[in-house]
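J.: using only what follows, build the 3D model:
(one chain, ligands or ions: 1)
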Amino acid sequence: MTRVLAIDQGTSGTKAVVVDDDGRICGLAEQPVTPDYRAEGIVEQDPQALLDSVLAAGRAALAEAGVDVDIVTLANQGETVLAWDPDTGAPLSKMIVWQDRRAEDICRELAAHAERLADKTGLVLDPYFSAPKMAWLRRHVTREGVVTTSDSWLIHQLTGAFVTDVTTASRSAICGLDDLAWDRELLDRFGLADERLPEIVACDEIVGLTHAFGGSVPVGGLVVDQQAALVGENCLVPGEAKCTFGTGAFVLANIGETPTRSTRGLTTSAAWRVRDRNQYCVDGQVYTAASAVRWLAELGWIDTAADLDQAAAETSQGAFCVPAFAGLAAPWWRPEARARFTGMSLATKPGHLVLAVLEGIAAQVAELTDLIGTDAGQPLERLRVDGGLTQSQRLMQAVADLTQIPLDVYPHAHATPMGAAALARMALDPHDETRLVDTVIDWQPSAVYEPGWSADRAAAFRDDWRAQIG
Ligand SMILES: O=P(O)(O)OC[C@H](O)CO
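T.: Modelled structure (predicted):
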């Protein structure tokens, strides 16, 4: 029996899970982390606070489990970056979070190269991805040390290695999608040609040993959190898709071993590399899901996300919300966009606007699932869903109504660490015959949501909602 300590370092918190081969969770701990949201699209985190949360959550989960683990794995935010000193490990900047919009100017300057970048990387020239923010750090903060994604720094703290994994590299906009290697031409474009970059490793590689959790434990099975959830939800076959409702909502669909570029404004990335084979996914993003809900709480319209279903009115009374609190991603790619509420009258109450936010998130997800279907040449048949906001029945029903796709709800809140744990099991013996499908824990949905609206009603709502984007 092997046991994995899987650490999910997300935007709003770090979760650590000790899980065995049968998927039994023997230890679980969570540490909140609070991004600093400021005007002008600034979203930062304190690197030390992130590291402390990783250590504290990991140690608490192990203490609860009361067992040793065979491997530690990390699922990370895909596109959050920082500058740091590779000799001392000391941070030289704040973490610039994926939601941060400051690199907009850099993207505008490089607009002439957007098509070439899309062709090489499968991504879009947008501040969401790592390279524009790395370039921004170089221009405005420091020329010292290295600039990397958060995973490289955390793994360096844990093991001394200087690595990133293929999935994180594929979210950078400086990594070729076909070979999953750093791209000289794009590095040059971003002014990053002289950077010392981490080695890109596979998702079934051991990258070093850590003493941070007691004893000496291998670290491996590294992966972006969204891709980890794709694995955890068992979307291992082309056409299978999931949406994780976390800080943002991210729809990813497995597209197999060929890195087909989207023709619909979505992005294509590495889903994983195991046993030297690359698997790819197409993805679309709603930048603010739980963070839009957190904003509702800050306004005092709800206490916590658990109140959403009660607080949301029966109808929005004609109010719409485009929840672009941190810009709009696929397929619009408008970093400068901001959230909009429209259609309000003097009779509009907070409950109507709470529902409008839920419907706005659902409408954005519906745009993405449609486009994924169009790209693939056949509509998605089902959508697997996970993440904290799947607790909101109103939101889930709105997603089923507007996407017109049945939803299968993952039975607990830990799809991401379960996916990372599956990859970590693959890393434990890289030469054996085990396939990824053998290491993923089977699951049955805890709930299924069927579309309740007619196709015409959903289409009419979505036309009206789309008209509010402006
Ligand atoms: O922190 P999460 O779980 O919302 O995910 C962050 C993503 O990796 C951003 O692309």
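J.: quick one: the longest helix that the chain contains to chain centroid distance?
T.: In the chain, with assignment by DSSP state H, the single longest helix is helix 350-376. For helix 350-376, the distance from its own C-alpha centre to the chain's C-alpha centre is 17 Å (Cα atoms, centre = their mean, to the nearest Å).
J.: ok, the next helix or strand after it: who's next to it in the sheet?
T.: Later in the chain than helix 350-376, the nearest helix or strand by DSSP states H and E is strand 383-386. Strand pairing for strand 383-386, using DSSP bridges, gives strand 241-245 (parallel), strand 407-409 (parallel).
J.: buried residues, the helix or strand following the first one. List them.
T.: Past strand 241-245, heading to the C-terminal end, the next element that is a helix or strand (DSSP H and E) is strand 249-256. By neighbour count on 16 or more other Cβ atoms under 10 Å, the buried set for strand 249-256 is 249, 250, 251, 252, 253, 254, 255. Placement of C-beta: from N, CA and C, glycine included.
J.: from these, which are also near the ligand?
T.: When Cβ under 6 Å from any ligand atom is taken as the criterion, no member of the buried residues of strand 249-256 contacts the ligand.
J.: between these, which is nearest the ligand?
T.: residue 250 (6.1 Å; Cβ to the nearest ligand atom).
J.: look up phi and psi at the nearest residue to that closest one once chain neighbours are set aside.
T.: In this structure, residue 250 finds its nearest non-sequential neighbour in residue 226, 4.6 Å apart by Cβ to Cβ, 6 or more residues apart in numbering. Dihedral angles of residue 226 (phi, psi; degrees, to the nearest 10) stand at phi -70, psi -40.
J.: please identify the deepest-packed of the strands paired with strand 383-386.
T.: Mean neighbour count (mean count of other Cβ atoms under 10 Å) peaks for strand 241-245 among those, with a mean of 28.
J.: who's in contact with that strand?
T.: Around strand 241-245, the neighbours that count as contacts under Cβ atoms under 8 Å, 6 or more residues apart in numbering are 225-226, 229-230, 233, 235, 249-254, 289-290, 361, 365, 368-369, 372, 380, 382-390, 395, 399, 415-416.
J.: ok, of these, which come out buried?
T.: Buried members of those, counted by 16+ other Cβ under 10 Å: 225-226, 229-230, 233, 235, 249-254, 289-290, 361, 365, 368-369, 372, 380, 383-390, 395, 399, 415-416.
J.: tell me where the stretch 51-200 of the chain has strands.
T.: With DSSP state E, counting those that start in this stretch applied, the stretch 51-200 of the chain shows strands at 71-76, 81-84, 95-96, 146-149, 163-165, 199-201, listed in chain order.
J.: out of the ones you listed, nearest to the ligand?
T.: The nearest among these, by Cβ to the nearest ligand atom, is strand 71-76 at 7.2 Å.
J.: is any part of that closest one close to the ligand?
T.: No. Using Cβ under 6 Å from any ligand atom, strand 71-76 never reaches the ligand; the gap is at least 7.2 Å.
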